[in-house]
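1. Following is a predicted model, sequence given first.
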Amino acid sequence: MTEDPRPSDHPARWWATLPDGRVECRLCPRFCKLQDGQRGFCFVRQRSGDGLVLTTYGRSSGFCVDPIEKKPLNHFLPGTSVLSFGTAGCNLGCRFCQNWDISKAREFDRLGETATPDHIAATAQRLDCRSVAFTYNDPVIFAEYAIDVARACRALGIRTVAVTAGYITAEARPEFYEVMDAANVDLKGFTEDFYHRLCFAELQPVLDTLRYLHRETSVWLEVTTLLIPGENDSTKELDRASDWFAANLGPDVPWHFTAFHPDFKMLDTPRTPPATLTRAREIARTKGLRYVYTGNVHDRDGGSTWCPACGTLLIERDWYELGAYRLDGSRCRACGSEIAGHFERQPGKWGARRQPVRLG
């Protein structure tokens, strides 16, 4: 028997009816096959009658104004503020999830904030945020809502950012990324074993998404890898990942190596030593990658942007706080070299503040 629709139920896209009568979700590579009333792995996409619905459309786990560097994006409107929000659920099952209270949420009462796409865009404009970020949980699973918000933002001249694991099908990629201005994609590891054991997913679709974004879209792309001691931080794996990165994404896509802290189902795994991040950064740089960063640690050298041509310190960073700034537009003030990214004449002045926001 079909449940009565909830106010937040919204017709979903990217699905098909199978010969046996089940509905197959074709948004992400899990291809969940559902009987009436069943939910997918993400928990927010549900079979309803002869179709599929998104059960969290217009509902959020909360809104916050963040520095854009927290996404992390270092080459996209530095120093500016971004209105961030997420919903609930996730299409990965990462044992190390550091937003597990949101991404693993099964109680929708925690989604206390309701907001239409136009309301979100208007709020970002009112708060003088240059962009809106879909984050905290993966926007792929609430794609219909994210796309509508992105379109409303674009109408007001506000950029949008997808913070995502990149676990999306080739069928859904074009429409989702067509309306995004920037993306930070988590490359969680570089072996299928890592993805299978710790994420309950597969590596190859993520690599396909990264190649698609770089080669076929104008979306500004940055990549993040959380380094977990003993799991994805070996020199051999980092060397292979860096080779792939250089060959497929080129030298100008920024790569962030960030520090793990014990969380969710990996409480016995130690924190990432800062030296591991520095080693990963150096390995990537030896492959010709120009913009490699360390994160979740205080590391002025690893967190700052340096001119790849003359070595000048261009954007000084201590965590999310900017210091010296030596760019003229997108060019190094010292030698005039072009720096990849989206830069304005002057950096923003938001700083490292985190400001919760009630849309109501």
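-> All right, it came through fine.

2. drop to CA atoms for contacts and neighbour counts, all remaining ones
-> Will do.

3. So what touches stretch 39-52?
-> Here stretch 39-52 makes contact (Cα atoms under 8 Å, 6 or more residues apart in numbering) with 2-3, 11-13, 15, 17, 23, 25, 30, 32-38, 53-56, 88-92, 106, 141-142.

4. now stretch 331-338
-> For stretch 331-338, contacts defined as Cα under 8 Å, 6+ apart pick out C307, A309, C310, T312, L314, R326, L327, S330, I339.

5. Quick check: mean pLDDT of it?
-> For stretch 331-338, mean pLDDT is 98.

6. Show me where the stretch 101-250 of the chain has its helices.
-> For the stretch 101-250 of the chain, the helices defined by DSSP state H, counting those that start in this stretch occupy 117-126, 143-155, 173-178, 192-194, 204-216, 235-249.

7. circling back to that earlier point, ok, of the contacts of stretch 39-52, which come out buried?
-> By the neighbour-count criterion of 16 or more other Cα atoms under 10 Å, the contacts of stretch 39-52 include these buried positions: 12-13, 15, 23, 25, 30, 32-36, 38, 53-56, 88-92, 141-142.

8. What residue, apart from its backbone neighbours, is nearest Y291 spatially?
-> Among residues not flanking Y291 along the chain, P254 sits closest, at 4.8 Å (Cα to Cα, 6 or more residues apart in numbering).

9. got the contact list for F63?
-> Neighbours of F63 in contact, by Cα under 8 Å, 6+ apart: L83, S84, F85, G86, P356, V357, R358, L359.

10. residues contacting F194?
-> Residues in contact with F194 (Cα under 8 Å, 6+ apart) are E231, N232.

11. For P229, see how far away it is.
-> According to Cα to Cα, to the nearest Å, F194 stands 12 Å off from P229.

12. circling back: write the PyMOL selection for whichever of the contacts of stretch 331-338 are buried.
-> The PyMOL selection below is limited to those of those classed as buried (16+ other Cα under 10 Å):
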select buried, resi 307+314+326+327+330+339
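
13. So which of the contacts of stretch 331-338 are in strands?
-> Members of these lying in strands (criterion: DSSP state E): L314, L327.

14. what does the model give D9 for pLDDT?
-> 89.

15. Against C32, how distant is the residue nearest to it when sequence neighbours are not counted?
-> Take D9 and drop its neighbours on the chain: the residue closest to it by Cα to Cα, 6+ apart is T55, 4.3 Å away. From T55 across to C32, the span is 16 Å (Cα to Cα).

16. Same question for T286.
-> Applying Cα to Cα to T286 and C32 gives a distance of 41 Å.

17. cool, and F190?
-> F190 sits 25 Å away from C32, taking Cα to Cα as the criterion.

18. circling back to that earlier point, most packed of the helices of the stretch 101-250 of the chain?
-> Using mean count of other Cα atoms under 10 Å, the stretch among these with the largest mean neighbour count is helix 143-155, at a mean of 21.

19. and that one with helix 117-126, angle?
-> 40 degrees (axes from the mean of the first three to the mean of the last three Cα atoms, to 10 degrees).

20. And helix 143-155, what does it pack against?
-> Applying 3 or more Cα pairs under 8 Å, 6 or more residues apart in numbering; DSSP states H and E, we find helix 143-155 packed against helix 117-126, strand 159-164.

21. what do you get if the cut-off is 7 Å, keeping everything else the same?
-> helix 117-126 (3 or more Cα pairs under 7 Å, 6 or more residues apart in numbering; DSSP states H and E).

22. quick one: average confidence on the helix it packs on?
-> Averaging pLDDT along helix 117-126 yields 97.

23. Contacts for that helix next, please.
-> Residues from elsewhere that reach helix 117-126 (Cα atoms under 7 Å, 6 or more residues apart in numbering): L83, V132, D148, V149, A152, C153.

24. tell me how far it is from the chain's mean position?
-> 21 Å (Cα atoms, centre = their mean, to the nearest Å).

25. what angle do that helix and strand 159-164 make?
-> 110 degrees.

26. where does the stretch 151-300 of the chain dip in pLDDT?
-> 264-266 (pLDDT under 70).

27. ok, now with 50
-> Within the stretch 151-300 of the chain, no range satisfies pLDDT under 50.

28. just the stretch 1-150 of the chain next, same as before
-> For the stretch 1-150 of the chain, the ranges with pLDDT under 50 are 1-5, 100, 103, 107, 109.

29. any chance of the contacts of stretch 331-338 in CSV, plus distance to Y212?
-> Shown next, in CSV, are these (distance: Cα to Cα, whole Å):
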residue, distance to Y212
C307, 27
A309, 28
C310, 31
T312, 32
L314, 29
R326, 32
L327, 29
S330, 25
I339, 22
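
30. What is the most widely separated pair among the contacts of stretch 331-338?
-> Spatially, the most separated pair among the contacts of stretch 331-338 is C310 and S330, at 14.8 Å (Cα to Cα).
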